[in-house]
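Asker: Okay, here's the prediction I keep looking at, along with the sequence it came from:
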Amino acid sequence: MNNVLYGGLLALQFLTRLPIPVACPWTPATRRWAIRAYPLVGLLIGGLLALAALLLEHVQTPTPISALVLLSVWVGLTGGLHLDGVMDLADALGSNQPLQRRWEIMKDPQIGSFGMLALLFLLAWKGVLLWALLQYHAPLWWLAVVPALGRWAGVALLVLTPCAHSRGLAWRWQQSLGRRDVGVALLPLIPLAMLWPLAALWLAALACWVALVRRALLRSFNGINGDMVGATIEGGELWLLILMWSWWQFVTVSPPGI
């Protein structure tokens, strides 16, 4: 039980900026439970976002302002942890350099033009999609599950894809994990899928996203690192927001324009 609790706290410390003043042991068992808790932490982040959306709606905040506030809270809660991975991956892919040079670019702490553009467009798309979903009065549970499923995508990629190098944080995490952990990480989301069956559709769409990303990364880098796991989480969240907007726009009743 201690390993479960410490693992959950480790996941909170690693994935959020919430103050958790507890010294957690760094053992294979706590690392395993931390990875299993990724979607649960995502659910907490999503729940806080949904609560913030309710409060903004209660005080009749204009929709564009609400979307910007929610995006700011989203980035603030996570400390922009995974955005660094997006920028590093964009710089490496945009360079069109040989494999060895792409890995050197990934490790370079300086951010290039491709990284800045990727960050700009990622946040812009997230903000606009939040605006649209708020404008359409989409169910707030959608907002709650996006960070949870996004972090499950990171877990699936980390467990199912070999690391390119036998070093680094992702490799150390991976040594404590097995395929079973991908399924265990989904357990906190089962009640949501029972309440809202549409969540199963988002999960299936996200699994396709992970499969495509995994194939592309293996082809481009012969393996993954921690930055790629973070980029997969960010990309998975954006993919889900696009799908949710598309569902509301094209499948449900016609929403008002924005």
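Answerer: Alright, I've got the coordinates.
Asker: which other residues reach the helix-or-strand element of the chain with minimal mean pLDDT?
Answerer: Every helix and strand of the chain was ranked by mean pLDDT, DSSP states H and E. The lowest is helix 190-195, at a mean of 82. With Cβ atoms under 8 Å, 6 or more residues apart in numbering as the test, helix 190-195 has contacts from 43, 141, 144-145, 148, 199-200, 203. C-beta coordinates here come from the backbone N, C-alpha and C atoms, glycine included.
Asker: Can you add pLDDT, distance to Arg36 and secondary structure and give those back as JSON lines?
Answerer: Listed next are the contacts of helix 190-195 as JSON lines, based on pLDDT from 0 to 100; distance: Cβ to Cβ, whole Å; DSSP: H, G, I helix; E, B strand; the rest coil:
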{"residue": "Leu43", "pLDDT": "94", "distance to Arg36": "13", "secondary structure": "helix"}
{"residue": "Trp141", "pLDDT": "85", "distance to Arg36": "22", "secondary structure": "helix"}
{"residue": "Ala144", "pLDDT": "87", "distance to Arg36": "19", "secondary structure": "helix"}
{"residue": "Val145", "pLDDT": "92", "distance to Arg36": "17", "secondary structure": "helix"}
{"residue": "Ala148", "pLDDT": "95", "distance to Arg36": "13", "secondary structure": "helix"}
{"residue": "Ala199", "pLDDT": "83", "distance to Arg36": "19", "secondary structure": "helix"}
{"residue": "Ala200", "pLDDT": "86", "distance to Arg36": "20", "secondary structure": "helix"}
{"residue": "Leu203", "pLDDT": "91", "distance to Arg36": "16", "secondary structure": "helix"}
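Asker: Show me which of these is closest to Ile233.
Answerer: Ala148 (10.8 Å; Cβ to Cβ).
Asker: And the closest residue to that closest one other than its chain neighbours, how close does it get to Pro191?
Answerer: Sequence neighbours aside, Gly42 is the residue nearest to Ala148 in space, at 3.6 Å (criterion: Cβ to Cβ, 6 or more residues apart in numbering). Using Cβ to Cβ, to the nearest Å, we find Gly42 at a distance of 15 Å from Pro191.
Asker: Okay, helices next: where are they in this protein?
Answerer: Secondary structure of the chain by DSSP state H: the helices cover 2-15, 28-36, 38-58, 63-78, 83-94, 99-107, 113-135, 140-160, 169-174, 180-184, 190-195, 198-221, 226-250.
Asker: re earlier: and the residue nearest to Ala148, what does it touch?
Answerer: Gly42 neighbours (Cβ under 8 Å, 6+ apart): 15, 147-152.
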